[in-house]
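Engineer: need the 3D shape of this:
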Amino acid sequence: MVLDKDGKKMSKRLGNAIDPFKTLKDHGADATRWYMISNANPWDNLKFDLEGVAEVKRKFFGTLYNTYSFFSLYANLDNFTYKEAEVPMEKRPEIDRWILSELHSLIQKVDQAYQAYEPTRAARLISDFVQENLSNWYVRLCRRRFWKGAYETDKIAAYQTLYTCLESVALLSAPIAPFYMDRLYKDLSGVCRPTASESVHLAAFPTADLSLIDSSLEQKMELAQRLSSLVLSLRQKEKIKVRQPLQKMMVPYHSLEEKQAILAVEDLVKAEVNIKELQLITDEDGIIVKQIKPNFKTLGPKHGKHMKQIAAKVAEFTADDISAIEQNGLKQLDLGDQTIDLMLEDVLISSQDIEGCLVASEGNVTVALDIYISPELKSEGVARELVNRIQNLRKDSGFEVTDKIVVTILKDGIVENAINVNLGYIKTETLSEAIHCVDELKEGVEIEFDDTRTRLFIQKHEYLCQ
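Structural biologist: Sure thing, here's the model as predicted:
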């Protein structure tokens, strides 16, 4: 019981106080500690927020758990125990070399942060790596490598790469989340490295292998992520699902080097955002019209008394001038009595939407997305939605990943046409031996998406063979 100086209860004053024991019980010590350290250094003040702890638990620990669960599911199916020889880097696909480059860059930065007594920086670096690079990019782009194909070099390389990333994250995070990371480390090493240390806290801290860090590859993948992010933001703005294929996106380039960089990630971007065609254009094509205006927030403190002159000069910028400042990051302005450097941060550049397309920009990267959905694209989108619903029903029915099934679906005037056109794709993605479209169906579950409302029923193929 807490009493004030007169011995009276202080329950009213403490009525809205945070109960630390309830916080630990609901979210755990590691999530609470990670929230506190990732938001402020231990010696700084922190406005504690229970919602923040829940968010850390969901976004960081939840993402890491889901990534480990994905790895363990398929590793168990393929009996992966890391008994094979290490696949040489030159024989691993580019996506593996990229994530390992990002991993060793992370190790280097986190080690420096810990040595400088900056745990907040370390926690943020680890969180970004797990959520953005490892889960949201690497695992998502490599899913088919784990559940498709024979157990050969490519699949083994995928397992080894993901295992290395998970183990390293456990080691890097252990000073901040000692309990969770010890469990993760033991679960990983117990199967794959029986001679490993019995605890993450007895294992050696990771050492960055500088030979695996490829800055050009990291920049290349960053470009792919930026292009993908812009397209996905336009899809979200127009409420077009990623499962709905679109025909074309256009990307302007300013130099031969930039063109080659975009072409190098073309296939990756198209697959990520579900686009059929990536068209490269130049500013001279006149397809995308850009506008520019001064950024008074940055110009004011630097050139306050010349603001009117600068604004007048910027208003006269041609398309070539805008392209030049985007490409070079600065442009010199002659104000008569002096010459100043106008930086890219000193202007605000926007792109106008064009007929049939939406346009978005970030820094010097711009994309235009063709949002027209032809009947053929619509049919493929319906097929992808069906694949998603069938996969969810497989999971809810408790089927094994390798189980073959037979699908029965109620006709609605839309789904049967989509199935006929995309039959091979649907069967391959869902491990379906046959798909039957019927006029009446009482079994199964109702499914609904877009303009489609039908009923779906699945059975294991083996039951029908008995």
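Engineer: the residue lying closest to residue 59 once chain neighbours are set aside and residue 60, how far apart?
Structural biologist: Distances taken as CB to CB, 6 or more residues apart in numbering place residue 131 nearest to residue 59, at 6.2 Å, with adjacent residues excluded. In short, each C-beta sits where N, CA and C put it, glycine included. Going from residue 131 to residue 60 by CB to CB, to the nearest Å gives 7 Å.
Engineer: who has more neighbours out of those two?
Structural biologist: Neighbours were counted for residue 131 and for residue 60 using other CB atoms under 10 Å; residue 60 has more, 24 against 17.
Engineer: give me the neighbour count for residue 385.
Structural biologist: Neighbourhood size, residue 385 [other CB under 10 Å]: 20.
Engineer: likewise for residue 228?
Structural biologist: 20.
Engineer: check residue 170 too.
Structural biologist: Residue 170 has 25 neighbours, counted by other CB under 10 Å.
Engineer: does it touch residue 193 like I think?
Structural biologist: No. Using CB atoms under 8 Å, residue 170 is not in contact with residue 193, being 12.0 Å away.
Engineer: so the residue nearest to residue 59 sits in a helix?
Structural biologist: Yes. Checked against DSSP: H, G, I helix; E, B strand; the rest coil, residue 131 lies within a helix.
Engineer: and it, what does it touch?
Structural biologist: 59, 60, 63 (CB atoms under 8 Å, 6 or more residues apart in numbering).
Engineer: got those as JSON lines, with secondary structure, distance to residue 108 and pLDDT columns?
Structural biologist: Shown next, in JSON lines, are the contacts of residue 131 (DSSP: H, G, I helix; E, B strand; the rest coil; distance: CB to CB, whole Å; pLDDT from 0 to 100):
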{"residue": "59", "secondary structure": "helix", "distance to residue 108": "24", "pLDDT": "93"}
{"residue": "60", "secondary structure": "helix", "distance to residue 108": "21", "pLDDT": "95"}
{"residue": "63", "secondary structure": "helix", "distance to residue 108": "23", "pLDDT": "95"}
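Engineer: which residue is the nearest non-sequential neighbour of residue 255?
Structural biologist: residue 327 (6.5 Å).
Engineer: just list the residues touching the spatially closest residue to residue 307 that is not a sequence neighbour, thanks.
Structural biologist: Sequence neighbours aside, residue 299 is the residue nearest to residue 307 in space, at 6.3 Å (criterion: CB to CB, 6+ apart). Residues near residue 299 by CB under 8 Å, 6+ apart: 307, 310, 346.
Engineer: how many neighbours does the residue nearest to residue 255 have?
Structural biologist: 15.
Engineer: middle-most residue in this structure, spatially?
Structural biologist: The residue lying closest to the centre of the chain (CA atoms, centre = their mean) is residue 136, at 2.7 Å.
Engineer: how close does it get to residue 266?
Structural biologist: Residue 136 sits at a distance of 20 Å from residue 266 (criterion: CB to CB).
Engineer: sorry, back to before: need the pLDDT of the residue nearest to residue 59.
Structural biologist: Looking at residue 131, its pLDDT is 95.
Engineer: look at residue 236 and say how many residues are nearby.
Structural biologist: Neighbours of residue 236 (other CB under 10 Å): 11.
Engineer: what sits against it?
Structural biologist: Residue 236 neighbours (CB under 8 Å, 6+ apart): none.
Engineer: start the count at 40 instead of 1 going forward.
Structural biologist: Done: numbering now begins at 40, and the last item shifts to residue 275.
Engineer: and the helix or strand it falls within, what's buried?
Structural biologist: Following DSSP states H and E, one finds residue 275 within helix 254-277. Residues of helix 254-277 classed as buried: 256-257, 259-260, 262-271, 273-274 (neighbour count, 16 or more other CB atoms under 10 Å).
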